[in-house]
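>>> Predicted structure and sequence below. I'll ask about it afterward.
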Amino acid sequence: MSSKPKILLLAGTQEARQLAPMLSKRIPHAHVTASFAGVVRDLPDLGVETRVGGFGGAEGLLDYLRQTNTSLVIDATHPYAAQMSWNAAKAAMAAGVALLRLDRPLWQPIQDDNWINAGDLRAANQLLPSGSRAFLSVGRKEVSVFFDRSDMWALARMIEPPPVPLPATWHLELARPGKSVEEEIQLLQRHKITHVVSKNSGGERSYAKIEAARSLGLPVIMVARPKLPNARNYAEIDKLCIAIKNILEGAEPGRP
C-alpha cells in the first residue's frame with residue numbers, strides 16, 4: 001500500500017474545483033481523491049482521482065475511510081448539502097480522521113437590497129404572495145416544495161432536469177447561473193419576475209442574480225442555511241491549503 005497520505009475531497013462546488021489542482025501542486029506527496037455525489041452528469045476534470053456516487057450514509061463513508069486509510073477529509077460540498085456534511089463529521093470522528101470544511105461566507109444585504117428572510121424553503125413558499133411571478137433558484141431536488149402554489153407562476157433554473165415534471169404553466173431554464181448582472185437582469189425582465197427566491201449560497205458564481213434583483217428593486221426571499229456540524233472552517237482556499245499541509249506534516253494537530 002502506498003505510504004502517501006490520502007486526502008478525500010468531498011467536492012461539488014466551484015471552490016472545490018479550484019482546490020483540487022491546488023492541493024496537487026502544493027502537496028505533491030499526497031494522494032487526492034475528489035468525490036462527487038453524481039447529481040450533475042457534466043463533471044469537470046480536476047486532475048486528481050475522481051469517484052462518483054454516494055457512500056451509503058455515514059457508515060458507508062466510515063468503511064471507505066478505513067479501507068482507503070484516508071488521512072484527512074475536506075468538506076467542500078454545497079452549504080445546503082447538510083446531510084453529506086453530517087455524514088462526513090460522524091464518519092471522520094469515528095475513524096479518527098481530521099475534518100476541515102471550506103465554508104463560503106454568507107452573502108450580506110447591502111444598501112438597496114430588499115431581503116425577506118426565510119428559515120427554510122417551506123417558509124419561503126408561504127412568503128410568496130398570490131399572483132407573484134417567482135424566480136426559484138433553489139435546486140432541482142427542492143423545487144417541488146413550491147408545487148402546491150397554483151396561484152402563482154414560476155421560473156425554475158437548474159443545471160439538470162428535475163426528478164419530477166414541473167407544473168405545466170411554469171418555465172424550466174436548464175442553465176448554470178448567469179455570468180453577468182446584465183444577463184440576469186435580462187432573464188428577470190423577460191419573464192416579468194416579481195420575486196426572487198434564493199438560498200444564501202455565498203460565493204461569487206451565483207451572486208449576479210442578487211445584484212440583478214437589487215438593480216430592479218425586486219424583493220429577494222433569502223433562505224437561511226441549514227445547521228451544520230462543528231468542524232474547522234476556512235473561508236479562504238489558500239488558508240485551507242496551509243492548514244492541510246501543516247496537518248499532514250505534523251506541524252499542527254488534525255483534530256479540532
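That came through fine.

>>> Report the buried residues of stretch 93-105.
Met93, Ala95, Val97, Ala98, Leu99, Leu100, Arg101, Leu102, Asp103, Arg104 (16 or more other C-beta atoms under 10 Å). Using the backbone N, CA and C atoms, a C-beta is placed for each residue, glycine as well.

>>> Just the C-alpha atoms of it, please, in CSV.
The C-alpha coordinates for stretch 93-105 follow below in CSV (Å, rounded to 0.1, in the frame of the first residue of the first chain):
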residue,chain,number,x,y,z
MET,A,93,-15.0,11.3,14.1
ALA,A,94,-15.4,7.5,14.2
ALA,A,95,-12.4,6.9,12.0
GLY,A,96,-10.2,9.3,14.0
VAL,A,97,-9.6,11.3,10.8
ALA,A,98,-9.2,15.1,10.6
LEU,A,99,-12.1,17.0,9.0
LEU,A,100,-11.7,20.5,7.6
ARG,A,101,-14.5,22.4,5.9
LEU,A,102,-14.3,25.0,3.1
ASP,A,103,-17.1,27.3,4.2
ARG,A,104,-18.3,30.1,1.9
PRO,A,105,-19.0,33.3,3.7
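
>>> And the contacts of it?
13, 15-16, 19, 58, 62, 65-66, 70-76, 79, 85, 88-89, 91-92, 201-203, 228, 231-235, 237, 240, 243-244, 247, 254-256 (C-beta atoms under 8 Å, 6 or more residues apart in numbering).

>>> Next, the residue lying closest to Pro177 once chain neighbours are set aside: secondary structure please.
Distance criterion C-beta to C-beta, 6 or more residues apart in numbering; nearest residue to Pro177, sequence neighbours excluded, is Ser206 at 4.0 Å. Counting by DSSP: H, G, I helix; E, B strand; the rest coil, the backbone at Ser206 sits in coil.

>>> what about Ser206, how many residues close to it?
Using other C-beta atoms under 10 Å, Ser206 has 19 other residues around it.

>>> Let me know the pLDDT of it.
The confidence metric pLDDT takes the value 90 at Ser206.

>>> check contacts around it.
By C-beta under 8 Å, 6+ apart, the residues touching Ser206 are Ser137, Pro177, Ser198.

>>> Considering those, which member attains the minimum pLDDT?
Lowest in pLDDT among those is Pro177, which has 91.

>>> That residue reaches Arg205, doesn't it?
Yes - in this structure, Pro177 is within contact of Arg205 by C-beta atoms under 8 Å, at 5.9 Å.

>>> Show me just the buried residues among the contacts of stretch 93-105.
Buried by 16+ other C-beta under 10 Å: 13, 15-16, 19, 58, 62, 65, 70-76, 79, 85, 88-89, 91-92, 201-202, 228, 231-232, 234, 237, 240, 243-244, 247, 254, out of those.

>>> Leu9: what secondary structure?
Put simply, Leu9 is strand when judged by three-state DSSP.

>>> low-confidence ranges in this structure?
Low-confidence segments of the chain, defined by pLDDT under 70: 1-2, 38-42, 251-256.

>>> which residues of it fall in strands?
Under the criterion DSSP state E, strands of the chain are mapped to 6-10, 31-36, 49-52, 72-75, 98-102, 115-118, 133-137, 153-158, 171-174, 195-199, 220-223, 232-234.

>>> want to throw the ones you listed into a markdown table with distance to Val143?
Shown next, in a markdown table, are those (distance: least, C-beta to C-beta, whole Å):
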| stretch | distance to Val143 |
| --- | --- |
| strand 6-10 | 24 |
| strand 31-36 | 21 |
| strand 49-52 | 23 |
| strand 72-75 | 25 |
| strand 98-102 | 26 |
| strand 115-118 | 15 |
| strand 133-137 | 6 |
| strand 153-158 | 5 |
| strand 171-174 | 9 |
| strand 195-199 | 10 |
| strand 220-223 | 12 |
| strand 232-234 | 29 |
